[in-house]
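**Student:** coords below, sequence missing:
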């Protein structure tokens, strides 16, 4: 198959691009400062963050690469900074250990795990580190939710627990964050007989055990994507005593296998009684027909991944009511007839990040659209005005990258086809769409329907 050199799109206008200093982004966050718009991007492989002024989206200005603060030199190569969120002039960053399979690093390198709290109100272009909150054990912190106010809802490790649990951190005093509550699945408590014990994050064993992958919080309800448990809602009116409201098991049959988190993301659709729930595919770059061992070995069979809508009109009885359609394969796509087989290699195809930021003026506010970075199927935009019949209305596939921006020492981290892969998506209050990519930069777009 040939490499694609052109963008493929439907109902999308290309606006601008930034190369992100050759350091690909992962999760992104935005803030507005006066009349300026800023994007802050966590890094997929490198240890730090890009700051990009997107006030003029057709001509983004890369302000700087902000190298991560390391507690000592020996922590640098093992440190990961995958996730970031901003609200109320506070930037929260996730810190944990990298994975050899994902990031091209070695197993066992030292790292610091937790969240860091920053002031980005005083000077948006020069964040000021205020404090750290440590999460010991396992891989540190993978994700969290913060959309302003007093509490950060951390997907993190804790001593005595296997895998990520929910840790509620009070940052009213931003220089002295304090945990006030936590919640976990029974199987994760290591003193329980049902606990499976410790497992290295990202291993096949860990991916089959319960762990909290992501959450969002609205009106004192935590909506959780709890891998190998299901979609779970918690009542957190009392932050010291979270109470489980429901659990809808979704994997199996969906998710798992050689893919990423079996339950990946959740998003309440405004004030409507519906929640978008997703599983996670995986990057096609990790797979080849010659890879027969390890986490990313040759795939023989693979469960279906999905985007879905769950109805929560009756909070005690959440119900799966629809599955999103398979992404349209554009004319001119050069890697196959569908997205499950890329250049002849079976992959665990499925969605990745959805646009799930809300509660801040900088972001688009609507409850009838879902934006998803669908890995090698690119950005997909859906109309969910009818929750029973989600419809794809637009897509954007970036050109395939011309070179690899990182690899591991053996040079075989990404044996698969050099195909464009999208990671995260944001939409601002002006309607501009931002997507970052796995071996490429930041694309700025606009939907024309």
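**Tutor:** Yep, that arrived. These numbers were taken from a predicted model, which means no experiment stands behind them.
**Student:** now do the buried residues in stretch 118-127.
**Tutor:** For stretch 118-127, the neighbour count (16 or more other Cβ atoms under 10 Å) marks 118-120, 124, 127 as buried. No exception for glycine: its C-beta is placed from N, CA and C like everyone else's.
**Student:** sorry, wrong one. I was asking about stretch 42-62.
**Tutor:** Buried residues in stretch 42-62, counted by 16+ other Cβ under 10 Å: 42-54, 57, 60, 62.
**Student:** so residue 165 touches residue 156, yeah?
**Tutor:** Yes - counting by Cβ atoms under 8 Å, residue 156 is a contact partner of residue 165 at 7.1 Å.
**Student:** residue ranges of the helices in the protein, please?
**Tutor:** Assigned by DSSP state H, the helices in the chain fall at 100-103, 204-207.
**Student:** could you tell me the least trusted of the ones you listed?
**Tutor:** The minimum mean pLDDT among these belongs to helix 204-207 (a mean of 60).
**Student:** ok, for residue 241, nearest residue in space, not its chain neighbours?
**Tutor:** Leaving aside its chain neighbours, residue 241 sits nearest to residue 181 (6.7 Å; criterion: Cβ to Cβ, 6 or more residues apart in numbering).
**Student:** the one you found touches residue 168, doesn't it?
**Tutor:** Yes - assessed by Cβ under 8 Å, residue 181 is found in contact with residue 168 at 4.1 Å.
**Student:** residue 133 - how many residues pack around it?
**Tutor:** 23 (other Cβ atoms under 10 Å).
**Student:** find the residue closest to it in space, skipping its chain neighbours.
**Tutor:** In this structure, residue 133 finds its nearest non-sequential neighbour in residue 177, 4.2 Å apart by Cβ to Cβ, 6+ apart.
**Student:** ok, the one you found touching residue 171?
**Tutor:** Yes - assessed by Cβ under 8 Å, residue 177 is found in contact with residue 171 at 4.9 Å.
**Student:** now the common contact residues for those two.
**Tutor:** 117, 131, 152 (Cβ atoms under 8 Å, 6 or more residues apart in numbering).
**Student:** dump the residue contacts of residue 432.
**Tutor:** Listed by Cβ under 8 Å, 6+ apart, the contact set of residue 432 reads 15, 54, 57, 444-446.
**Student:** model confidence for the residue nearest to it when sequence neighbours are not counted, exactly?
**Tutor:** Distances taken as Cβ to Cβ, 6+ apart put residue 57 closest to residue 432, at 4.8 Å, once the chain neighbours are dropped. Residue 57 is assigned a predicted lDDT (pLDDT) of 98.
**Student:** ok, residue 57 to residue 145 distance?
**Tutor:** Using Cβ to Cβ, to the nearest Å, residue 57 is found at 26 Å from residue 145.
**Student:** who does residue 166 bridge with?
**Tutor:** Residue 166 forms beta bridges with residue 155, residue 183, as assigned by DSSP bridges.
**Student:** same question for residue 422.
**Tutor:** Here residue 422 sits in beta bridges with residue 375, residue 437, going by DSSP bridges.
**Student:** ok, it touching residue 352?
**Tutor:** Yes - with contact defined as Cβ under 8 Å, residue 422 reaches residue 352; the gap is 7.3 Å.
**Student:** give me the common contacts of these two.
**Tutor:** Here residue 422 and residue 352 share the contacting residues 373-375, scored by Cβ under 8 Å, 6+ apart.
**Student:** with pLDDT added, can I get those residues in a markdown table?
**Tutor:** Below are the shared contacts of residue 422 and residue 352 laid out as a markdown table (pLDDT from 0 to 100):
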| residue | pLDDT |
| --- | --- |
| 373 | 98 |
| 374 | 97 |
| 375 | 97 |
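**Student:** which one of those residues sits closest to residue 258?
**Tutor:** Nearest to residue 258 among the shared contacts of residue 422 and residue 352: residue 375, at 13.0 Å, using Cβ to Cβ.
**Student:** what about that closest one, how many residues nearby?
**Tutor:** By the criterion of other Cβ under 10 Å, residue 375 has 30 neighbours.
**Student:** ok, now how distant is it from residue 398?
**Tutor:** Distance of residue 375 to residue 398, computed by Cβ to Cβ: 12 Å.
**Student:** need the overlap of contacts for these two.
**Tutor:** residue 422.
**Student:** count of neighbours near residue 65?
**Tutor:** 16.
**Student:** hmm, it is touching residue 41, no?
**Tutor:** No - counting by Cβ under 8 Å, residue 65 does not reach residue 41; the two are 9.9 Å apart.
**Student:** can you check which residues contact both of those two?
**Tutor:** Residues touching both residue 65 and residue 41 by Cβ under 8 Å, 6+ apart: 49-50.
**Student:** now do the contacts for residue 371.
**Tutor:** By Cβ under 8 Å, 6+ apart, the contact list for residue 371 reads 354-355, 379-382, 425, 427, 433.
**Student:** with distance to residue 240 and neighbour count added, can I get those in a markdown table?
**Tutor:** Output for these, formatted as a markdown table (distance: Cβ to Cβ, whole Å; neighbours: other Cβ atoms under 10 Å):
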| residue | distance to residue 240 | neighbour count |
| --- | --- | --- |
| 354 | 30 | 24 |
| 355 | 31 | 25 |
| 379 | 40 | 26 |
| 380 | 40 | 26 |
| 381 | 40 | 24 |
| 382 | 38 | 23 |
| 425 | 35 | 26 |
| 427 | 35 | 24 |
| 433 | 39 | 24 |
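**Student:** now do the spatially most central residue of the chain against residue 137, distance only.
**Tutor:** The residue lying closest to the centre of the chain (Cα atoms, centre = their mean) is residue 353, at 4.7 Å. Counting by Cβ to Cβ, the gap from residue 353 to residue 137 is 26 Å.
**Student:** do residue 154 as well
**Tutor:** Separation of residue 154 from residue 137 (Cβ to Cβ): 13 Å.
**Student:** between these two, which one's more packed in?
**Tutor:** Shown here are residue 154 and residue 137; by other Cβ under 10 Å, residue 154 has more neighbours (30 against 16).
**Student:** that one against residue 146, yeah?
**Tutor:** No - if you go by Cβ under 8 Å, residue 154 and residue 146 don't touch, sitting 9.0 Å apart.
**Student:** leaving out sequence neighbours, find the closest residue to residue 434.
**Tutor:** residue 426 (4.7 Å).
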